[in-house]
Structures are given as structure tokens and as C-alpha cells.
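Asks: coordinates for the following, if possible.
(2 chains)
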Amino acid sequence: AQSVSQHNHHVILSEAASLELGCNYSYGGTVNLFWYVQYPGQHLQLLLKYFSGDPLVKGIKGFEAEFIKSKFSFNLRKPSVQWSDTAEYFCAVNVLTGGGNKLTFGTGTQLKVEL
Amino acid sequence: ETGVTQSPTHLIKTRGQQVTLRCSSQSGHNTVSWYQQALGQGPQFIFQYYREEENGRGNFPPRFSGLQFPNYSSELNVNALELDDSALYLCASSLGDRASYEQYFGPGTRLTVT
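Replies: Below you'll find the predicted structure:
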């Protein structure tokens, strides 16, 4: 069964600092990769996704992520964070063979951006 | 376009009781997935319904069951509640059951079991 690891559980940054959140997955086959965000008091929403093609994907609000197949990684980045980026971030995968549309999530990273 | 809605928002139950949670899928979506999110954890897949049939199940016991109705809304039922069932229950809908379809999440139902 596939699994997802997010190594940073809590991250505190100052505004304008750069962000990189790590995500590694374990599955040998083809996967779709996602980053979801949950702002305080709001529901889970999609930040960006990778299905195929260019391994550098751009999402909403200036976020991007890079898929490195050899490292089984899909790290999330943002060059300059804002206070409004304070939220919990989840990496997720689903597999393309026999997995249907079941998402497997990491444990999440709580990001706090200070003014 | 109405998004995914869930009811109730919050619920408190006693150990051993039964609970039913409800989800209305986004317009045009025929697939509903349920997830359990315990405190400090990521969502865990419970099961998925596609066109009224269960279409995949995670590692949850049979006391977790569900239904999908002809209008594609869905229910999650949990029997014989245990303290560890306390969690946020999320419903997500999608256009289909293929892995390429994006899932849209509802706000969740916070269940507390005492």
C-alpha cells in the first residue's frame, strides 16, 4: 500500500521568507500527486496537482511543486510567503492502477507566517 | 454552482451509540468519498461510492458503512461508536471514479464520542 511522509510537522516563517515543504511517497508505480491546503476555519482545497508532463507544476497563490521521480518526492515551494499563507498543508497521492480515486494523505504541515 | 455540503457540523455521541452523517455532492458529480481526519493527522480514506455502489474501501471495520442515493448524495453510518471514532469526517465529491478526477471537499462533520 502506498504511504506519504511529510517530515516538517510545524514550520514558522517570517513574511517574505521562502518556503519549502517536503513530501515523499512510497509506491513503485505511476501516481498522481497533490498538495491541499486547509486555511483556518475553511475546508480542504486543492493547491496544485501533478499528473504527467512537466515535473514543475504551478498552482494557485504563487505556489509551485517539483516532482522528482527518482527521489519519490513532490516538494512544495513558494519564494515569498505572506501572513495569509498561514494554514495546514497536506500532500496526497493516488495510484493509477487499481486504486481508483482514493487519496492517501500525509500527516500535514502546520505553517505559521509571522508579520 | 453549489459546493459539497455536509450535515451536521458538529455532533456529540456516547460510546456504543450509532451515528449517521450526510453529504450532498457538488452538482454534476456522481462519486463521493469519505475520509476520517483524527486530530493531528491527515485524512484517511474510509470508502468511495460511485453511482450508488461501494467502489473501494480503506482499512476501516464493517461498522463503518455507507449509502449513496440516486441524486448522488451520501450517508456515512457508524455503529457501536468507540472513543477513537472522535474525528473530523470529510466528504469529497468528483466527476467520476478515475484517479484523474479532482476531489472537492466539504467542510466536514466534527464527531465527538464520550
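
Asks: quick one: contacts for the closest residue to chain B within chain A?
Replies: Closest residue of chain A to chain B, CB to the nearest CB: A:F105 (3.3 Å). C-betas here are computed from N, CA, C, even on glycine. Counting by CB atoms under 8 Å, 6 or more residues apart in numbering or on different chains, A:F105 touches A:V4, A:Y36, A:F90, A:C91, A:A92, B:Y35, B:G42, B:P43, B:Q44.

Asks: quick one, phi/psi of the nearest residue to it once chain neighbours are set aside?
Replies: Leaving aside its sequence neighbours, A:F105 sits nearest to B:G42 (CB to CB, 6 or more residues apart in numbering or on different chains; 3.3 Å). Main-chain torsions, B:G42, degrees, to the nearest 10: phi -80, psi 160.

Asks: could you list the low-pLDDT ranges of chain A?
Replies: Within chain A, the ranges that satisfy pLDDT under 70 run A:96-100.

Asks: which residues in it form strands?
Replies: For chain A, applying DSSP state E gives strands covering A:3-5, A:10-14, A:19-21, A:24-26, A:31-38, A:45-50, A:56-58, A:64-68, A:73-78, A:87-95, A:104-105, A:109-114.

Asks: same question for chain B.
Replies: B:5-7, B:10-13, B:19-24, B:31-37, B:44-50, B:53-57, B:64-68, B:74-78, B:87-94, B:104-105, B:109-113.

Asks: tell me, how many residues neighbour residue 38?
Replies: By default, I'm working from chain A. The tally of other residues near A:Q38 (other CB atoms under 10 Å in any protein chain shown) stands at 20.

Asks: oops, chain B please
Replies: B:A38: 14 neighbours (other CB under 10 Å).
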